[in-house]
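**Student:** Sequence first, predicted model second:
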2 protein chains.
Amino acid sequence: MTPLVAVVGSSKAGKTTLLEKLIPVLKARGWRVAVIKHDVHGFEIDHEGKDTWRLRRAGADVVCIASSRQVAFMQSVPSDPGLKRLVARMPMAEVDLILAEGYKGEEVPKVEVWRPELSPEPLCKDDPWLLALVASEETGLQVPRFSPQEPEALARFLEEKFLAEPEASRVRLAVDGQPVALGTFARTALVRTVLGFISSLKGCKDPREVDLTIREPSRGSPDPGRRSASD
Amino acid sequence: MTPLVAVVGSSKAGKTTLLEKLIPVLKARGWRVAVIKHDVHGFEIDHEGKDTWRLRRAGADVVCIASSRQVAFMQSVPSDPGLKRLVARMPMAEVDLILAEGYKGEEVPKVEVWRPELSPEPLCKDDPWLLALVASEETGLQVPRFSPQEPEALARFLEEKFLAEPEASRVRLAVDGQPVALGTFARTALVRTVLGFISSLKGCKDPREVDLTIREPSRGSPDPGRRSASD
């Protein structure tokens, strides 16, 4: 499971500015970083009149545009998808750490950017998920404090906490859209079962990366796959 | 596997215009549609100075922005990812049909928009993947022809070809980044093995949607998951 840390704080506390300083430090240390930004006001990412804008206006549920330099996916959603559904869409093999901006209500490890002139006390002062504060002056809380001027120290802290573990089989399982935590036994058994199965398929002798998606039909609909298991 | 059809043709032949007409017809018939647009010139989707632009400029490998209305993912890539890798990133449960714009070199079913003033013969005239032509006049080829003014007829054609099958277990498997086709027996056995395993996990009694990702460590690196299968 790719580690996830949310950078939270009052509006204008400096969350994006902190991330702008932190990301290059993490990158220079060799980590691949993703950011998920929560925009509570709504945003416009596309340009009126462009082809992608025309395709979305025509009603496409998902629009992807791809060149040899970048890829973008745009999708309308009926309600706020929440952090965990977004994490599930991340290209896991390509990212070592996911930093969220916002999402202070979610139960994930958090770093709060605190400016006393904006809120008299840190927003997460009673949140058991609070890992650290970024503040220019003493906070009175029992969690480590980093100066906004010291992204290197915060990067080292996150690295020790989330990125220093030896590499093991990385497994992510979601059932009906919800992530499922696996213990060591269940994880090992699932990995070996699936890899063993797949390695018996033609051309899949030594699988290293597996992405499997299953969608069972709704109850009562015909299921031709169940008619025969030997054809 | 979500069906995929590429709309191809010369530059300025009217690919985006056709999709703009076709998508609302498919939507009105109840289908959820995704589009993957190939941009050979490179594109700019973000706006200079916006937070997402700042985060990408800071070096984030992936930037996601999410509100209660829409979600966007932006990612730098080292080379053109090709259609199949993009299809693998689609939220499969949320899409019935994927329409690509461009990608005439890929081995996928194709509809060509042909204007004789732009190319004397259809680009895909010898392509075994060519399903149909969209053209105002006779083409001389043995594939069905639809007028650019008749998106309804083309929508019905695609529906009969790709969308009318009874709903079965939908399974998508990619190994080391490449999609793997599964026969009926292998598909059924894999689905039942994995669902059976998962249904024995706490809180997963009746799984309908499963998303499983496995990343095996590189050879020679420590793998603590292999030390014990019973803790």
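**Tutor:** Cool, the structure landed.
**Student:** Please make it C-alpha for all contacts and neighbour counts, starting now.
**Tutor:** Fine.
**Student:** measure the most centrally placed residue in chain A to A:Ile98 for me?
**Tutor:** In chain A, the residue lying closest to the centroid (C-alpha atoms, centre = their mean) is A:Val87, at 3.2 Å. From A:Val87 across to A:Ile98, the span is 8 Å (C-alpha to C-alpha, to the nearest Å).
**Student:** A:Ala164 too?
**Tutor:** Distance, A:Ala164 to A:Ile98, using C-alpha to C-alpha: 15 Å.
**Student:** neighbour-wise, which of the two wins?
**Tutor:** Under the neighbour definition other C-alpha atoms under 10 Å in any protein chain shown, A:Ala164 and A:Ile98 were set side by side, and A:Ile98 has more, 23 against 9.
**Student:** Can you say which helix or strand has that one in it?
**Tutor:** Here A:Ile98, judged by DSSP states H and E, is contained in strand A:97-101.
**Student:** elements contacting that strand?
**Tutor:** If contacts are counted by 3 or more C-alpha pairs under 8 Å, 6 or more residues apart in numbering or on different chains; DSSP states H and E, strand A:97-101 sits against strand A:4-8, strand A:33-38.
**Student:** Quick one: closest of those to chain B.
**Tutor:** Taking C-alpha to the nearest C-alpha as the measure, those were each checked against chain B, and strand A:33-38 came out nearest at 4.5 Å.
**Student:** Show me the strands paired with that closest one, marking each as parallel or antiparallel.
**Tutor:** strand A:97-101 (parallel), strand B:62-66 (parallel) (DSSP bridges).
**Student:** can you pull out the helices in chain A?
**Tutor:** Ranges of helices within chain A are A:15-28, A:51-57, A:82-88, A:151-158, A:184-199, based on DSSP state H.
**Student:** Please convert those helices to JSON lines, extending it with distance to B:His41 and mean pLDDT.
**Tutor:** Shown next, in JSON lines, are the helices of chain A (distance: least, C-alpha to C-alpha, whole Å; pLDDT from 0 to 100):
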{"stretch": "helix A:15-28", "distance to B:His41": "28", "mean pLDDT": "96"}
{"stretch": "helix A:51-57", "distance to B:His41": "13", "mean pLDDT": "91"}
{"stretch": "helix A:82-88", "distance to B:His41": "29", "mean pLDDT": "89"}
{"stretch": "helix A:151-158", "distance to B:His41": "36", "mean pLDDT": "96"}
{"stretch": "helix A:184-199", "distance to B:His41": "39", "mean pLDDT": "86"}
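**Student:** Which of those sits closest to B:Ile45?
**Tutor:** Closest approach to B:Ile45 among these is made by helix A:51-57 (9.1 Å; C-alpha to C-alpha).
**Student:** which residues sit against the closest one?
**Tutor:** Contact partners of helix A:51-57, identified using C-alpha atoms under 8 Å, 6 or more residues apart in numbering or on different chains, comprise A:46-48, A:62-65, B:16, B:19-20, B:23, B:35, B:37.
**Student:** Mind picking the one among those that's closest to A:Leu173?
**Tutor:** Distances from A:Leu173 to those, taken as C-alpha to C-alpha, are shortest for A:Val62 (23.4 Å).
**Student:** Tell me the pLDDT of the closest one.
**Tutor:** For A:Val62, the pLDDT comes out at 94.
**Student:** okay, now it: neighbour count?
**Tutor:** Around A:Val62 there are 25 residues (other C-alpha under 10 Å).
**Student:** List the residues that contact it.
**Tutor:** A:Val62 touches A:Arg56, A:Phe73, A:Met74, A:Gln75, A:Ser76, B:Val33, B:Ala34, B:Val35, B:Val95, counting by C-alpha under 8 Å, 6+ apart.
**Student:** If we use 7 Å, what do you get?
**Tutor:** Contacts for A:Val62 (C-alpha atoms under 7 Å, 6 or more residues apart in numbering or on different chains) come out as A:Phe73, A:Met74, A:Gln75, A:Ser76, B:Val33, B:Ala34, B:Val35.
**Student:** what sits against the fourth one?
**Tutor:** Under the criterion of C-alpha under 7 Å, 6+ apart, the contact list for A:Ser76 reads A:Asp61, A:Val62, B:Arg69, B:Gln70, B:Val71.
**Student:** If anything else comes up later, I'll come back, but that's it for now.
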